[in-house]
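>>> Structure for this input, please:
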Amino acid sequence: MRGLGKRYRNKWAVRDCTLRLPAGRVAALVGPNGAGKSTLLHMAVGLLRPDAGQVRVFGEDPYGNNAVLGEIGFVAQDTPLYRDFTAAELVTMGGRLNRRWDANLARERLAQLGIPPNQPVGKLSGGQRAQVALALAMAKRPRLLLLDEPVASIDPLARREFMQALMGSVADSGTTVLLSSHLLADLERVCDHLIVLNASEVRLDGAVDDLLARHQRLVGPRQRDAVVPGVEAVIQASHTDRQSTLLVRTGGPLGNPLWTEHEVTLEDLILAYLAQGETQDSRDAWGVPA
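Residues are numbered from 1 along each chain as shown. Got it, this is the predicted structure:
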């Protein structure tokens, strides 16, 4: 994606989005509700045409491009399925609609999960419907799998089973995955690349290990405008009467003995960047200087 943007009337849902998803990774797309995650994914699978910039999947524009769409699996947020069809009928239908289709993979996955083959999917639980949608997406043997909040409305046990099925499929196929979610604990277990989207813009993008290595939490004497050698940016700051706590992005060794360094977790990192974006956008809207 390069300078990608999508506008609804006068409001940008996605704005100036530039990123490159590395092949073979399981990437997390994180952001609050309304951040533009679904819009971004819909442009990536050719359901929406951008108003600015461009998106390329395997070097080609996905909009109306059947050759590219055959390489993409997509599970939308509400896991849309023909509710009157049984799971077995959906597997058969998938074979009629896709040039590359592994019906055995879908049947084996659904059998392992105890999904009844002859019951209308509209009568299945939310977790079961999510598993059917994932099995159908994986049966395409996609090179790229996009998942839009697929487990947001299901219980913790069903979420765990879904994530285990996802990782099993990815390990077998080497598929690149972009998983949109706000359930940080689930993402921390399975994702090795992170994209933080907030207020329509990309706030953070990179390999999880690299991002964690470049960020630290510093605790030291109270300083409202602290300058610490080796710090590129202060992402989040809090202060008491005697102490300042900073979450910072580093550019080299930190050379001030007054500051104690602590590692940050993935959740710490995500929440700091989300809070930073929300604060700045709110100040801009109210005309308040930073």
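>>> Do you know the pLDDT at Phe58?
pLDDT, Phe58: 94.
>>> Distance-wise, check it relative to Val68.
6 Å (C-beta to C-beta, to the nearest Å). Bear in mind the C-beta positions are built from the backbone N, C-alpha and C, glycine included.
>>> more neighbours, these two?
More neighbours surround Val68 than the other of Phe58 and Val68, with 20 against 13 (other C-beta atoms under 10 Å).
>>> Show me the shaky parts of the protein.
Within the chain, the ranges that satisfy pLDDT under 70 run 153, 226, 277-290.
>>> which residue ranges form the helices in it?
For the chain, the helices defined by DSSP state H cover 37-44, 66-69, 87-97, 103-112, 126-139, 156-173, 184-190, 208-213, 266-286.
>>> I'd like the distance from the second one to the chain centre, please.
The offset between the C-alpha centroid of helix 66-69 and the centroid of the whole chain comes to 22 Å, using C-alpha atoms, centre = their mean, to the nearest Å.
>>> got the buried residues for that helix?
Applying a neighbour-count criterion of 16 or more other C-beta atoms under 10 Å, the buried positions in helix 66-69 are Val68, Leu69.
>>> Equivalent analysis for the third one, please.
Residues of helix 87-97 classed as buried by neighbour count (16+ other C-beta under 10 Å): Ala87, Ala88, Leu90, Val91, Gly94.
>>> Looking at those, which is nearest Arg143?
Gly94 (17.0 Å; C-beta to C-beta).
>>> do you know how far the closest one is from Arg222?
For Gly94 relative to Arg222 (C-beta to C-beta), the value is 61 Å.
>>> just Val190 next, same as before
39 Å.
>>> And for Gln112?
From Gln112 to Arg222 the distance is 57 Å (C-beta to C-beta).
>>> which residues touch Arg49?
Counting by C-beta atoms under 8 Å, 6 or more residues apart in numbering, Arg49 touches Met43, Tyr63.
>>> ok, 7 Å please
Tyr63 (C-beta atoms under 7 Å, 6 or more residues apart in numbering).
>>> who has more neighbours, Val190 and Arg222?
Higher neighbour count among Val190 and Arg222: Val190, with 16 against 12, using other C-beta under 10 Å.
>>> just to revisit the earlier point, make JSON lines from the helices of the chain and add distance to Gly24 to it.
Listed next are the helices of the chain as JSON lines, based on distance: least, C-beta to C-beta, whole Å:
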{"stretch": "helix 37-44", "distance to Gly24": "17"}
{"stretch": "helix 66-69", "distance to Gly24": "18"}
{"stretch": "helix 87-97", "distance to Gly24": "25"}
{"stretch": "helix 103-112", "distance to Gly24": "19"}
{"stretch": "helix 126-139", "distance to Gly24": "16"}
{"stretch": "helix 156-173", "distance to Gly24": "9"}
{"stretch": "helix 184-190", "distance to Gly24": "14"}
{"stretch": "helix 208-213", "distance to Gly24": "14"}
{"stretch": "helix 266-286", "distance to Gly24": "20"}
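>>> Of all the ones you listed, which one comes closest to Asn10?
The nearest among those, by C-beta to C-beta, is helix 266-286 at 14.0 Å.
>>> Phi and psi next, for His182.
phi -110, psi 10 (degrees, to the nearest 10).
>>> For the residue lying closest to it once chain neighbours are set aside, which residues are in contact?
Nearest residue to His182, sequence neighbours excluded (C-beta to C-beta, 6 or more residues apart in numbering): Val30, at 6.6 Å. If a contact means C-beta under 7 Å, 6+ apart, then Val30 has Ser181, His182, Leu187, Leu194, Ile195, Val196, Ile270 as its contacts.
>>> unless I'm mixing things up, the first one is touching Ile154, no?
No - with contact taken as C-beta atoms under 7 Å, Ser181 and Ile154 are classed as non-touching, separated by 11.9 Å.
>>> The two: who's more crowded?
Ser181 (22 against 19).
>>> Against Arg99, how distant is the more buried one?
30 Å.
>>> mind giving me the domain ranges of the protein?
2-208, 214-286 (automatic domain parsing).
>>> Kindly compare burial across those domains and name the winner.
domain 2-208 (a mean of 18; mean count of other C-beta atoms under 10 Å).
>>> How far does that one stretch from one end to the other?
22 Å (C-alpha to C-alpha, to the nearest Å).
>>> how far is it from where the chain is centred?
9 Å.
>>> beta partners for Leu146?
Phe74, Leu178 (DSSP bridges).
>>> so who does it touch?
Taking C-beta under 7 Å, 6+ apart, one finds Leu41, Ala44, Val45, Ile72, Phe74, Leu178 in contact with Leu146.
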